[in-house]
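In: Generate coordinates for the sequence data below:
(2 chains)
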Amino acid sequence: MSTVKLTVNGKAVAVDVEDRTLLVQLLRDHLNLTGTHVGCDTSQCGACVVHMDGRAVKSCTMLAGQADGASITTIEGIAKGDELHPMQAAFRDNHGLQCGYCTPGMIMSAIDIVQRHGGQLDEATVRQELEGNICRCTGYHNIVKAVLDAAGRMKVAQAAE
Amino acid sequence: MGVEGIGARVVRKEDKRFITGKGRYVDDIKLTGMSHAYFVRSPHAHAKVKGIDSSAALKMPGVVAVLTGKQLVDDKVGNLICGWAITSKDGSPMKMGAWPAMAPETVRFVGQAVAVVIAESKNLARDAAEAVVVDYEELPAVADMHAAIKAGAPQLHPEAPGNQVYDWVIGDEGATDAAFAKAANVVKLDVTNNRLAPNAMEPRAAIADYDAAEEHFTLYTTSQNPHVARLVLSAFYNIAPEHKLRVIAPDVGGGFGSKIFIYPEEMVALWASKKVGRPVKWTGDRTEAFLTDAHGRDHVTHAEMAFDANNKITGLKVKTYANFGAYMSLFSSSVPTYLYATLLSGQYNIPAIHAEVIGVYTNTTPVDAYRGAGRPEASYLIERLMETAARQLKVDPAQLRRTNFITQFPHQTPVIMAYDTGDFNASLDAAMKAIDYAGFPARKAKAKADGKLRGLGVSCYIEACGIAPSKAVGSLGAGVGLWESAEVRVNPVGTIEILTGSHSHGQGHETTFCQLVADRLGIPISQVSIVHGDTDKVQFGMGTYGSRSAAVGLTAILKAMEKMESKAKKIAAHALEASEADIVIENGEFKVTGTDKAIALPMVALAAYTAHNLPDGMEPGLKESAFYDPTNFTFPAGAYICELEVDPGTGKTSFVNFVAADDFGRLINPMIVEGQVHGGLVQGIGQALLEHAIYDANGQPVTASFMDYAMPRADDVPSFNLSHTTTLCPGNPLGIKGCGEAGAIGASAAVINAITDAIGKNNLEMPATPDRVWRTIHAA
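Out: Numbering: from 1, shown residues only, chains lettered A, B, ... in the order given. The predicted structure follows:
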């Protein structure tokens, strides 16, 4: 057992876990943040994507201990109260989700994609960047639309700040 | 239609919880005192279980119990069943091999459970499962269908000599032979419809909770049809009587057919919960999904089509071998028979059809319905045949289809189905216009100059949806009725709850079903909620599959609404001292037509519940229910055209354009309909280009993770160009046909027709991987 200290969605937490505990298990089983999902166990599907110190990571493929001292943001932590993150709003407005299972990971990956590319996103880039996130419902068409839409919204939001 | 009524692109009510991480899937639920299950699974495709030694596992920390198949038999838990009886051509019933939820004696596919460990955590259960020692005696195994039916092949079930499930026929063999005898041309084709793994993103899961004091079970499970699950668990598996078993299917992360069936794991979780006296949770991992979720497709077919001198089809002969895997899954028997061979007429006038389907056991994961279920196999076969015929007869493929389109409705095919309506020329026109069919030769020539092989492929599909009249499916062997139910509860303050037997696992019912209510009453959808997925809340229902929720489930809601509105109008007329016939419903008010007299819905509802002043003899309350059983299947149809380029140097396919023109009848929410088409198209494209569940000759699965099985990813597929043509379905009052499966049914033929057009060679199996395409291009 080890104590892992980290910040999750802005809140400092210390959790005693078995050394083999994965970050996703810490989030789901110990902190009840069940918005982060497990879809494949092999780092392929991206349902488990969260942000660690601002970068997208697959939480099923790292130990909780590797996140010691880090700042983690999950799907539960991106809206400001009732105000959705522009990426969340874009997924809803563009029908970028159906069953919702891959959605949290998609949104967290997509935010990372937009942040890395700034305004330089086009459809081909979004499709290539979403390589690590699998959706079985939407056929990606509306997810791609949502990410491009959100990229515009995030640029506007950033300009306003 | 109103801003939230029928036909409006309303954003989904359910989305907020999913985009904020507040969805509630089975694995998100924790119960007090919950233990965790991990299954011990066979590493062999075929073996005797000589003994199971649990002693070391039982000594490990946190282990509560190790339970085996023998205990399951001792407790008289029933075997899994197949619920659709099929009769062979010799009159004998299908041969169903016994399938216990955990194998007491013999395992017949890799991944079949033999024991389960219950422990304090999933990790501890998994550790202990590794310490359970199973003494297997390996038996020869067979994974290939043709090998399985050869003399001397390893035999799976004593009940099924020669590994044959059934040898079933449909159609008029004499008439078909006569058509071929007179044919001007005969086109022949051999096709394999590759085995697929459904891969809903949420793996299956179950939490079972036994209450000893009440002798009552609760099961949270990933189901598309919780009432059917309860019925089967109760009536066939002896888990508990129905009133002592509550099945809850909360948010479910995709189904595509794979979550229709009742699997061993749910049964074992329920039984184990009683055994250990604690709630038991099981959550599958992705490899378990590959090993145990029912697979789809897996046909090998030889077909011949006869044409007269005018290129009119005169006959069709089909012989199909259908792989069932090691056991007959719940609806497996119907998929390659009544859901496949009855659609072999496609969109065409074919006077004579004869089809034979031979079901085969192999040492592989059981096969059952996967998105489209039989109809993709039929459509792929017919549309590959049409393209092959066009090439052989040297006619334009679109024109050959037009020459043979059914244009008069209703149309009785030679294979049971009676198409009610359609306009196949209209959807083909729309697709050809969208892709600029006429301009293709110039584009092909330009691509050639750039060193690329460009191809165009047409696919005109038809499907039978709704999975419908109970009497009809009963006469064909179905063990259940296929109606749907609804209840409309108007609360005393005028808000509305709709209870439906349909189940949403991505389809957006919480929005579209509200749109019907908004449309009829003129109230905002925020005043309406949809209740589904819980046998304790919702009256009996049949669930969601076969594109049936709108055509059947929503019509049941309409019927209940009509009853409710009729009563509400009587109350309103009484309150307004008007004639019931003069009452109209507008903007949430009951109005006396032609006057300014009106009473708002909440006041009508309140009057119904206070019952102070109701018409004489009227019961209090405002709640009505309905069961709706359609009169026929529905027949969505459409035309898909794919334009793509093949790089002759690598065999890699790149999409240029993909257009889809569908006729789904009336659309409730076009945004949601388009989403269904997009998803279906990518599953069809996935089958055509990427996906294949592969076994080696000894029955070892080669593709049991996302590392090995190629799921379509965002950069494998294009954006789509969709349009709709409309003929309203005459079979239900809303005119709905259903849209859930179309994409998966029509897309694969369009892709393969396009690639074979591009490379100029007709024989190409799915998935058309770059390697396979390259070899085909360069084959002698």
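In: So residue A:155 sits against residue A:119, correct?
Out: Yes: between residue A:155 and residue A:119 there is a contact at 5.4 Å, judged by CB atoms under 8 Å. For the C-beta atoms, the positions are set from N, CA and C on the backbone; glycine is no exception.
In: So those two - more neighbours on which side?
Out: Comparing residue A:155 with residue A:119 by other CB atoms under 10 Å in any protein chain shown, the one with more neighbours is residue A:155, at 15 against 10.
In: Report the secondary structure state of the residue of chain A found nearest chain B.
Out: Closest to chain B within chain A is residue A:35: 1.9 Å, counting by CB to the nearest CB. Recorded secondary structure, residue A:35: coil (DSSP: H, G, I helix; E, B strand; the rest coil).
In: so the residue nearest to it when sequence neighbours are not counted, which of the three states?
Out: On the basis of CB to CB, 6 or more residues apart in numbering or on different chains, the spatially nearest residue to residue A:35 that is not a chain neighbour turns out to be residue B:21, at 1.9 Å. Using three-state DSSP, the structure places residue B:21 in coil.
In: Tell me the residue of chain B that sits nearest chain A?
Out: Residue nearest to chain A within chain B: residue B:21 (1.9 Å; CB to the nearest CB).
In: Counting neighbours, what do you get for that residue?
Out: Count around residue B:21 with other CB under 10 Å applied: 24.
In: Who are the contact partners of it?
Out: A:33, A:34, A:35, A:36, A:74, A:75, A:76, A:104 (CB atoms under 8 Å, 6 or more residues apart in numbering or on different chains).
In: and it, how far is that from residue B:287?
Out: 26 Å (CB to CB, to the nearest Å).
In: same deal with residue B:396?
Out: For residue B:396 relative to residue B:287 (CB to CB), the value is 47 Å.
In: before we move on, what about residue B:662?
Out: 36 Å.
In: Compare neighbour counts for these two and give me the winner.
Out: residue B:662 (30 against 20).
In: Surely that one is within a strand?
Out: Yes: assignment of residue B:662 by three-state DSSP places it within a strand.
In: Test of understanding: give the bridge partners of it.
Out: Beta-bridge pairing for residue B:662 (DSSP bridges): residue B:638, residue B:724.
In: residue contacts, it?
Out: Contacts of residue B:662 (CB under 8 Å, 6+ apart): B:427, B:636, B:637, B:638, B:677, B:722, B:723, B:724, B:725, B:739, B:742.
In: what's the answer for residue B:548, then?
Out: By CB under 8 Å, 6+ apart, the contact list for residue B:548 reads B:465, B:466, B:467, B:468, B:482, B:484, B:502, B:542, B:738.
In: Residue B:487: what secondary structure?
Out: Strictly by three-state DSSP, residue B:487 counts as strand.
In: Looking at it now. What's its pLDDT?
Out: At residue B:487, the model reports a pLDDT of 97.
In: wouldn't it be in contact with residue B:564 here?
Out: No: using CB under 8 Å as the test, residue B:487 is too far from residue B:564 to be in contact (9.5 Å).
In: which neighbours do those two share?
Out: Overlap of the contact sets of residue B:487 and residue B:564 (by CB under 8 Å, 6+ apart) consists of B:623, B:624.
In: Would you mind checking the contacts of residue B:548 for buried ones?
Out: Buried subset of the contacts of residue B:548 (neighbour count, 16 or more other CB atoms under 10 Å in any protein chain shown): B:465, B:466, B:467, B:468, B:482, B:484, B:502, B:542, B:738.
In: Quick one: residues contacting the second one.
Out: Contacts were defined as CB under 8 Å, 6+ apart; by that measure residue B:466 touches B:546, B:547, B:548, B:551, B:552, B:630, B:632, B:633, B:634, B:731, B:732, B:738.
In: With pLDDT as extra columns, can I get those residues in a markdown table?
Out: A markdown table is the format used below for these (pLDDT from 0 to 100):
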| residue | pLDDT |
| --- | --- |
| B:546 | 89 |
| B:547 | 89 |
| B:548 | 91 |
| B:551 | 92 |
| B:552 | 93 |
| B:630 | 93 |
| B:632 | 92 |
| B:633 | 94 |
| B:634 | 96 |
| B:731 | 93 |
| B:732 | 95 |
| B:738 | 96 |
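In: list the helices and strands the lengthiest helix in chain A packs on?
Out: The longest helix of chain A (DSSP state H) is helix A:141-160. Applying 3 or more CB pairs under 8 Å, 6 or more residues apart in numbering or on different chains; DSSP states H and E, we find helix A:141-160 packed against helix A:86-93, helix A:103-117, helix A:123-129, helix B:670-689.
In: Would you mind finding the most buried of these?
Out: Ranked by mean neighbour count, these are led by helix B:670-689 with a mean of 26 (mean count of other CB atoms under 10 Å in any protein chain shown).
In: quick one: is that helix near chain A?
Out: Yes: applying CB under 8 Å from any CB of the partner chain, one finds helix B:670-689 touching chain A at B:671, B:672, B:674, B:675, B:678, B:679, B:680, B:681, B:682, B:683.
In: What is the nearest of the residues you listed to residue B:38?
Out: The closest of the residues of helix B:670-689 next to chain A to residue B:38 turns out to be residue B:683 (CB to CB; 30.4 Å).
In: name the element the residue lying closest to residue B:38 once chain neighbours are set aside belongs to?
Out: Using CB to CB, 6+ apart and skipping the chain neighbours, the partner closest in space to residue B:38 is residue B:125 (3.7 Å). Assigned by DSSP states H and E, residue B:125 falls within helix B:122-131.
In: Against which helices or strands is that helix packed?
Out: Secondary elements touching helix B:122-131 (3+ CB pairs under 8 Å, 6+ apart): strand B:35-41, helix B:55-58, strand B:63-68, strand B:113-119.
In: Using pLDDT, spot the least trustworthy of the buried ones among the contacts of residue B:548.
Out: residue B:468 (75).
In: my read: that residue touches residue B:630, true?
Out: Yes: the pair residue B:468 and residue B:630 qualifies as a contact (CB under 8 Å) at a distance of 4.4 Å.
In: Can you pull the residues that touch both of those two?
Out: What both residue B:468 and residue B:630 touch, as defined by CB under 8 Å, 6+ apart, is the set B:551, B:552, B:731.
In: can you list the weak-confidence ranges in chain A?
Out: Chain A contains no residues with pLDDT under 70.
In: In a markdown table, list the helices and strands packed on helix A:141-160 along with distance to residue B:536.
Out: Below are those laid out as a markdown table (distance: least, CB to CB, whole Å):
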| stretch | distance to residue B:536 |
| --- | --- |
| helix A:86-93 | 31 |
| helix A:103-117 | 28 |
| helix A:123-129 | 44 |
| helix B:670-689 | 28 |
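In: if we can go back for a sec, nearest to residue B:153, of the contacts of residue B:662?
Out: residue B:742 (38.1 Å).
In: what's near enough to touch that closest one?
Out: Residues in contact with residue B:742 (CB under 8 Å, 6+ apart) are B:461, B:463, B:547, B:636, B:638, B:662, B:664, B:676, B:677, B:680.
In: hmm, back to that, which residues does the residue of chain A closest to chain B contact?
Out: Residue A:35 makes contacts with A:74, A:75, A:76, A:104, B:20, B:21, B:22, B:23, as judged by CB under 8 Å, 6+ apart.
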